[in-house]
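[1] Sequence and predicted structure are below.
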Amino acid sequence: MTDLSRPTLPGALPDKRQVAASFSRAAASYDSVAALQRAVGLSLLGQLPAGLQPSRWLDLGSGTGHFSRILAERFAQSSGVAVDIAEGMLRHARNEHSGAHYHVAGDAERLPLRDASVDLVFTSLAVQWCDQFASVLAEVLRVLRPGGVLAFSSLCVGTLDELRASWQAVDGLVHVNRFRRFEDYQRLCAASGFEQLELQRCPHVLHYPDVRSLTHELKALGAHNLNPGRPSGLTGRARMQGLLQAYEAFRQPAGLPATYQVVYGVLRKPQA
């Protein structure tokens with residue numbers, strides 16, 4: 001399990017305490033700028049096995065409760081649990097009547113659920129923040145009943161490469177969140193004990209009129225730079241101008257592209 005008190009190493013993923021605080025602060029603004037998150041989650045829902053009828057589902061990394069509401073509508077006879085590490089998101093979801101019966105603050109690497117207690121774990125664009133994806137898989141395997149399904153989406157290397165390359169041209173510092181390689185997802189899923197129904201990588205490209213629109217959206221989502229080694233303090237005018245100039249090299253007729261490399265996985269726990 002992850003020890004949140006350990007020192008961060010070069011190349012490490014963001015500290016989850018900072019992730020939780022950042023997303024808690026973004027709870028009120030998140031839904032207004034979450035077009036990618038909505039599209040990815042809907043695509044993941046479309047990949048659920050036909051005929052799946054869970055008696056209890058878990059929305060892991062439930063955020064503002066958008067997909068908890070959809071799960072509650074789709075599986076009207078089931079009960080639902082929403083788990084998120086960001087308590088501000090959970091408060092927002094409760095206030096908006098998310099559709100989950102329970103809202104629980106918890107870590108995906110240490111799930112606060114009993115063994116074999118749910119039939120479906122749905123988690124969209126959340127597990128990229130977890131340091132040990134193998135621990136997430138082990139925990140989900142533990143809480144699923146035999147035959148239960150894990151459906152997840154995440155981000156991998158190649159995400160926001162245009163922004164990353166533009167910053168590299170300016171100062172070479174860490175300005176963009178790091179993500180795992182797709183090959184790591186393949187390896188970890190293969191070794192997890194799950195039956196693999198689906199595992200694929202799919203690029204989603206968004207376009208923006210200018211760089212500030214992109215960076216504003218990342219901040220409103222709570223997904224701006226949270227990496228160890230990120231520069232502290234305000235970005236100087238000269239460096240910002242350098243970023244704007246470097247990013248212009250990527251401009252397309254639709255605008256400035258921001259590519260997200262999305263991993264989709266659907267796994268099943270073997271029958272006992």
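    Here it is on my side, so go on.
[2] what residues are up against Pro271?
    Let me fix one detail, which is that residue 271 is Gln and not Pro. Residues in contact with Gln271 (Cβ atoms under 8 Å, 6 or more residues apart in numbering) are Pro146, Gly147. Every residue, glycine included, has its C-beta placed from N, CA and C.
[3] downstream neighbour of the lowest-mean-pLDDT helix or strand in the chain in the secondary structure list?
    Ranked by mean pLDDT, DSSP states H and E, the weakest helix or strand in the chain is helix 27-30, scoring a mean of 51. Once the chain leaves helix 27-30, the next helix or strand it forms, by DSSP states H and E, is helix 35-45.
[4] pLDDT averaged over that next one - what is it?
    Average pLDDT, helix 35-45: 93.
[5] which secondary structure elements does that helix contact?
    Other elements packing on helix 35-45 under the criterion 3 or more Cβ pairs under 8 Å, 6 or more residues apart in numbering; DSSP states H and E are helix 66-74, strand 118-124, strand 144-155, strand 195-208, strand 256-268.
[6] May I see the buried residues of it?
    Burial within helix 35-45, assessed by neighbour count using 16 or more other Cβ atoms under 10 Å, is assigned to Leu36, Gln37, Val40, Gly41, Leu44.
[7] any idea how far the third one is from Val157?
    This points to Val40. Applying Cβ to Cβ, to the nearest Å, the value for Val40 to Val157 is 17 Å.
[8] now the fourth one
    Counting by Cβ to Cβ, the gap between Gly41 and Val157 amounts to 21 Å.
[9] Kindly report the same for the last one.
    Plainly put, Leu44 is 20 Å away from Val157 if you go by Cβ to Cβ.
[10] can you check the first one too?
    With distances defined as Cβ to Cβ, the gap from Leu36 to Val157 amounts to 17 Å.
[11] ok, now Ala108?
    Between Ala108 and Val157 the distance is 20 Å, computed by Cβ to Cβ.
[12] do Leu267 as well
    Look at Leu267 and Val157: by Cβ to Cβ, they are 21 Å apart.
[13] Looking at the two, which one has more neighbours?
    Leu267 (23 against 14; other Cβ atoms under 10 Å).
[14] List the buried residues for stretch 52-71?
    52, 54, 56-71.
[15] Looking at the chain, which residue reaches furthest from the middle?
    Ala238 (32.4 Å; Cα atoms, centre = their mean).
[16] Helix or strand: which one has it?
    helix 237-247.
[17] between that helix and strand 256-268, how many degrees?
    Angle, helix 237-247 to strand 256-268, by axes from the mean of the first three to the mean of the last three Cα atoms, to 10 degrees: 70 degrees.
[18] What is the distance between helix 237-247 and the centre of its chain?
    28 Å (Cα atoms, centre = their mean, to the nearest Å).
[19] again with stretch 74-91
    On Cα atoms, centre = their mean, the centre of stretch 74-91 falls 15 Å from that of its chain.
[20] Ends of that stretch, what's the gap?
    End-to-end distance of stretch 74-91 (Cα to Cα, to the nearest Å): 23 Å.
[21] cool, and stretch 85-103?
    Separation of the first and last residues of stretch 85-103 by Cα to Cα is 11 Å.
[22] List the buried residues for that stretch?
    Ile85, Ala86, Gly88, Met89, Leu90, His92, Ala93, Ser98, Gly99, Ala100, His103.
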